[in-house]
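predicted model and sequence follow; I will ask about them next.
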Amino acid sequence: MNILESLKYFIPELVLLGGAFFVLGVDLFIKSKRTIGLLSLFVLVLTAALLKAPAQPLPLFYGMFQLDAFAHFFRYFALAAVAFTLLMAYSYAPLKGPYEGEFYGLFLFMAFALILVAGANNLLMIFLSVEFVSMISYLLVGFLKKDAKSKEAAIKYLLFGSMASAVMLYGMSLLYGASGSLALPAVGNALFFAPFKTLAHVSVLFFFVGLGFKISMAPFHMWAPDVYEGAPTPVTAFLTVAPKALGFAVFMRVLAMVFTPSWAHWSVLLTALSILTMTLGNLTALSQNNIKRFLAYSSIAQAGYILMGLAVFSDLGRQGVLVYLLAYLFTNLGAFAVVTLIGEQTGSEDLAAYAGLSQRSPMAAAFLTVFLVSLAGIPPLAGFIGKYYVFAAAIQAKFITLTVVAAVNSVIAAYYYFRIVRLMYLVPASGPALAPAPRPLFITLGLMFAGVLLLGLFPAFFLGLIWR
Amino acid sequence: MVPHILSWIIFVPLLGAFAVLFVPKRSAPLIKWIALSTTIVVFGLACLALASFQPAHAGFQMVERAMWIPQFNVQYLLGTDGISFPMVFLTAIISLLACLASFPHVRVKDGREKEYYFLYLLLETGMMGTFLALDLFLFYVFWEVVLVPMYFLIGIWGGPRREYAAIKFFLYTLAGSLFMLLGILGVYFASSPHTFDMTQLVGMPRGLCFQKVVFLAFFLGFAIKVPIFPFHTWLPDAHVEAPTPISVILAGVLLKMGTYGFFRFSYPLFPEATVWFQPAMAVLAILGIVYGGFVALAQTDFKKMVAYSSVSHMGFVLLGLAALNANGFRGAMLQMFTHGTITGGLFLLVGVLYDRAHTRDLNGFGGLGAQMPAYAGILTFFSLASLGLPALSGFVSEFLVLLGSYQYSKVVTGLSTLGIILAATYLLYMIQRVLLGKLNPKWATLADINTREVLTLAPLMALILAIGIYPKIILDYMIPTLDALLKVVKVT
């Protein structure tokens, strides 16, 4: 489909991009930064309202951007993640200052970049969009310029990210050399032929590095705890969810379009990496004392479970990845909303700040408990549905070792999630009662709570939305 | 006949729980009465269901069916029969009595009544759902729903080592149930068409090897809950540290969820594997009976003694299950009910004493028989019921179990009668240390059992006596279903 024809399907994205520039421009003239925040939210809602499900897959811009049901799901996903993060950041004190408007503007660009990742169907497009996301991520992580931890995190992220991208780019060059094309379908076709089989086995490894970095898959996860700890809390919340989810999206697309024939080879490897990721994440999370680092390791472990769906790569496995990501969006953003609240009110990110929270702020403690129980995968909450899906996929495909390891890991995970619950409910309070949550944060919490509960109780409705 | 009565039984406690949430923290009495009246309503509903339950009918009754997750063919499927109905009734009674027993216990812990009764009612929803769900997915959901409130109830209101006991209980059970989940998924994908519906799954052919593997997966989930011998270590901790009413619920209802699982799921789904594992089950049963008995004998902590006696008595349920014949099944099923009433009562009695003396050290008591005559009478009654005195219900169930196991193996039966002798020993030894002998002057001021406490125990005593004298009143409800189960397992 040529450019002019494509444009009419690309209107929401153009609105989003226009909105981003507009917000950035208006920021120069408006003093009230809260208005800018509201304006950004409005742009996101408008974009979401304009989104239309494609009747059949549309290869927009000469096949650069594949608008299919899969990309459509992730468009909503990206917009939702950005919108909830903005809500959360709206009352985040350290951001207050002359740069607050830019923060909102950057997030709109981020939303645009994420949508590009969701539909990228060309090696060049994949590289560019993934880099686009990474660049903005580096900026957002280092947004608190006066904070040494934030700066260190940004540099670390940048160095790790560049290295991973370079490796992936090398893999792409191999594919281009073999097929003479950058379009994923063409590359996939070329790799079918015998002389290129080996090449496929090698180049998939390079993708593992580049995209494994994005989804914090072990052994490319080292950056995650430091970056998550150093970044402003709402940004951390965002990073653990959206770039990771979109990393999974592009990973799935590449595997499906290009590497399906060599499934037997990379599936074994992904199974091993999935086991490694969840085990490493869980075991390290056990001994954390900073809530953000704690959730960072937990999110690494969660990535391990999601990888189960990728390793199996059956229909059920791929669906499982999407469902898990959706559950994870609600749960993790919710948990981080509580972390933001407590961080704001106590000025501490130590686990010790959570002691006796049930008495100091019963609402926050109850919310966090629900989110942690959901992360632990206990019904009837969203996290269980996600876990159920990947477990089901793995059992169906007879990946017995993987499921048994995952089950044991879930028990370890339950132990450390309940460490926090224990602190909140079983340990006496260590300070005075906390003030109620500011309204935007409270709305975020309420929405995430509703999401966790509804996805857990009425999964059929959400599943219906994903596969309409 | 009330439509959707089973749904009401499950969700009335949940409604009560939310009602409690909307009452301000200060009005503790109101919270208590809401909780108590909720459990009374549930008990009333259970009685209503009893009225419309047809004992002679072997299949599922009062079935409710609705599609829940069509993508996975998961249904909201409830139903009851002679196996689940006694458990539902037991849950209703025990929940009501334990709620009544909760009144003084919660107040000690700086009045967190609101949280306590919210969790308590949530727990009741989970227990009822577990016994009534006929869809494996739904069953798993309820099974897990029980865990979280239990964690808090032990962890917040328990004894000195409550945190350790709570997390141990939680992790043990979770580990078991995750393997059960894998087993459930295995059954689901092996069935055609894929379904979680128990009414369809029973009778579908499955390979013996597959059956054995999945039986073990289920076994892990159920065995930890019962608990069967090597998996029992969470039990003494949880029972001892939990507050009295929660120990009652644990012993009275939660342990039965494990053996109920065997009756409801493992046996009918994997009949060939059941026969294959019969000797192993019998050996585990003897181990539990004898080991639990000996350890109970060595205890100096009253509550710990009762906790270990549970291990021993639940061993009899397992023995009846292992016998794979009519008498064994009847005995096991009856033992589940009677153990719930007897041990629940014993835990209440331990609580009565502990509330007054603030110690449970058996060696520190003595001569209380004269000091607290009514208490002494009731304690003796429950102890005799527990050790299997004829005319009380413990005798009937254990006798039936042994009758069944004798048909299966004389050696097994011989060894397990040791458990009865041990029960008599540790219970009479306990009575001797607590009630007889010289009165320790420290306890000269202990007040006798009060009306509220008697009220929590009297219904149990009535049941124990009634079943002991005329067991047909309850066996009639169980027998048709159990006989049908025997036909499914294909041994007669």
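Cool, got the structure.

of all of the stretch 301-450 of chain B, which residue lies closest to chain A?
residue B:303 (20.6 Å; C-beta to the nearest C-beta). All C-beta spots, glycine's among them, are computed from the backbone N, C-alpha and C.

just give me the neighbour total for residue A:418.
When neighbours are defined as other C-beta atoms under 10 Å in any protein chain shown, residue A:418 has 24 of them.

please tell me how far the residue in the stretch 151-300 of chain A positioned nearest to chain B sits from residue A:414.
Among residues of the stretch 151-300 of chain A, the one nearest chain B by C-beta to the nearest C-beta turns out to be residue A:286. It sits 12.7 Å away. Per C-beta to C-beta, to the nearest Å, residue A:286 is found 12 Å from residue A:414.

returning to that earlier point: what's around the residue lying closest to the residue of the stretch 151-300 of chain A closest to chain B once chain neighbours are set aside, how many residues?
In this structure, residue A:286 finds its nearest non-sequential neighbour in residue A:416, 5.2 Å apart by C-beta to C-beta, 6 or more residues apart in numbering or on different chains. Neighbours of residue A:416 under the rule other C-beta under 10 Å: 22.

show me what contacts residue A:416?
Shown in contact with residue A:416 (C-beta atoms under 8 Å, 6 or more residues apart in numbering or on different chains): A:282, A:285, A:286, A:294, A:298.

between residue A:286 and residue A:414, who's got more neighbours?
residue A:414 (26 against 13).

for residue B:233, what are phi and psi?
Backbone torsions of residue B:233, given as degrees, to the nearest 10, read phi -70, psi -20.

so how far is chain B from residue A:351?
15 Å (C-beta to the nearest C-beta, to the nearest Å).

pull the contacting residues for the closest residue to that residue other than its chain neighbours.
Spatial nearest neighbour of residue A:351, chain neighbours left out: residue A:289 (5.3 Å); criterion: C-beta to C-beta, 6+ apart. By C-beta under 8 Å, 6+ apart, the contact set of residue A:289 is A:350, A:351, A:352.

please, where are all the helices along the stretch 251-400 of chain B?
B:255-261, B:267-269, B:271-276, B:278-297, B:302-323, B:326-357, B:368-371, B:373-387, B:393-408 (DSSP state H, counting those that start in this stretch).

any chance of those helices in TSV, plus mean neighbour count and mean pLDDT?
TSV is the format used below for the helices of the stretch 251-400 of chain B (neighbours: other C-beta atoms under 10 Å in any protein chain shown; pLDDT from 0 to 100):
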stretch	mean neighbour count	mean pLDDT
helix B:255-261	24	94
helix B:267-269	22	92
helix B:271-276	20	92
helix B:278-297	21	94
helix B:302-323	28	93
helix B:326-357	25	93
helix B:368-371	18	86
helix B:373-387	21	93
helix B:393-408	24	93
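
mind putting those into JSON lines with distance to residue B:453?
Shown next, in JSON lines, are the helices of the stretch 251-400 of chain B (distance: least, C-beta to C-beta, whole Å):
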{"stretch": "helix B:255-261", "distance to residue B:453": "23"}
{"stretch": "helix B:267-269", "distance to residue B:453": "39"}
{"stretch": "helix B:271-276", "distance to residue B:453": "43"}
{"stretch": "helix B:278-297", "distance to residue B:453": "24"}
{"stretch": "helix B:302-323", "distance to residue B:453": "16"}
{"stretch": "helix B:326-357", "distance to residue B:453": "5"}
{"stretch": "helix B:368-371", "distance to residue B:453": "15"}
{"stretch": "helix B:373-387", "distance to residue B:453": "9"}
{"stretch": "helix B:393-408", "distance to residue B:453": "21"}
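
and of those helices, who's closest to residue A:381?
In terms of C-beta to C-beta, the element of the helices of the stretch 251-400 of chain B nearest to residue A:381 is helix B:255-261, at 20.9 Å.

just the CA trace of that closest one, in CSV.
Output of helix B:255-261 as CSV, limited to C-alpha atoms (Å, rounded to 0.1, in the frame of the first residue of the first chain):
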residue,chain,number,x,y,z
LEU,B,255,-8.1,-31.0,56.4
LYS,B,256,-11.2,-32.5,54.9
MET,B,257,-10.7,-30.6,51.7
GLY,B,258,-7.8,-33.0,51.0
THR,B,259,-9.6,-36.2,51.6
TYR,B,260,-12.7,-34.8,49.8
GLY,B,261,-10.4,-34.2,46.8
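
please see if it touches chain A.
No - using C-beta under 8 Å from any C-beta of the partner chain, helix B:255-261 stays clear of chain A, coming no nearer than 15.5 Å.

same for that helix, what does it pack against?
Other helices and strands packing on helix B:255-261, by 3 or more C-beta pairs under 8 Å, 6 or more residues apart in numbering or on different chains; DSSP states H and E, are helix B:84-108, helix B:113-132, helix B:208-225, helix B:302-323, helix B:326-357.

so for the third one, mean pLDDT?
The pLDDT scores in helix B:208-225 average 94.

ok, and what's touching that helix?
By C-beta under 8 Å, 6+ apart, helix B:208-225 touches B:143, B:172-173, B:175-177, B:179-180, B:182-184, B:186-187, B:190, B:206, B:231, B:234, B:254-255, B:257-259, B:261-262, B:265-266, B:269-270, B:272-274, B:276-277, B:284.

distance between that helix and the chain's centre?
20 Å (C-alpha atoms, centre = their mean, to the nearest Å).

for it, buried residues please.
B:211, B:213-225 (16 or more other C-beta atoms under 10 Å in any protein chain shown).

same question for the first one.
Judged by neighbour count (16+ other C-beta under 10 Å), helix B:84-108 contains these buried residues: B:84-103, B:105-106.

got a pLDDT number for residue A:468?
For residue A:468, the predicted pLDDT is 62.

let me fix that: residue B:144
On the pLDDT scale, residue B:144 gets 94.

okay but it is in contact with residue A:378, surely?
Yes - counting by C-beta atoms under 8 Å, residue B:144 does reach residue A:378; the two are 5.3 Å apart.

what touches both of those two?
A:384, B:174.

phi, psi for residue A:59 please.
Dihedral angles (degrees, to the nearest 10) for residue A:59: phi -80, psi 80.

what of residue B:227?
Per degrees, to the nearest 10, the backbone of residue B:227 is at phi -90, psi 150.

the closest residue to it other than its chain neighbours - how many residues pack around it?
Spatially, and ignoring its direct neighbours in sequence, residue B:227 is nearest to residue B:235 (5.2 Å; C-beta to C-beta, 6+ apart). Neighbourhood size, residue B:235 [other C-beta under 10 Å]: 28.

also residue B:56?
9.

who's in contact with it?
Contacts of residue B:56 (C-beta under 8 Å, 6+ apart): residue B:480.

that one and residue B:475, how far apart?
Counting by C-beta to C-beta, the gap from residue B:56 to residue B:475 is 13 Å.

quickly find the element holding residue 420.
Let's take chain A. Here residue A:420, judged by DSSP states H and E, is contained in helix A:400-426.

actually it's chain B I care about, not the one you picked
Using DSSP H and E, residue B:420 maps to helix B:410-434.

can you pull the buried residues of that helix?
Those would be B:412-413, B:415-416, B:419-420, B:422-424, B:426-427, B:430-431, B:433-434, for helix B:410-434 by 16+ other C-beta under 10 Å.

run through the residues of chain A sitting next to chain B.
So far as C-beta under 8 Å from any C-beta goes, chain A lies against chain B at A:358, A:373, A:378-380, A:384, A:388, A:391-392, A:395-396, A:403-404, A:407-408, A:410-411, A:414-415, A:418, A:421-422, A:425-426, A:459-460, A:463-464.

emit the PyMOL select command for whichever of those are buried.
Applying 16+ other C-beta under 10 Å to these leaves a buried subset, and the PyMOL line that selects it is:
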select buried, chain A and resi 358+373+378+379+380+384+388+391+392+395+396+403+407+408+410+411+414+415+418+421+422+425+426+459+463
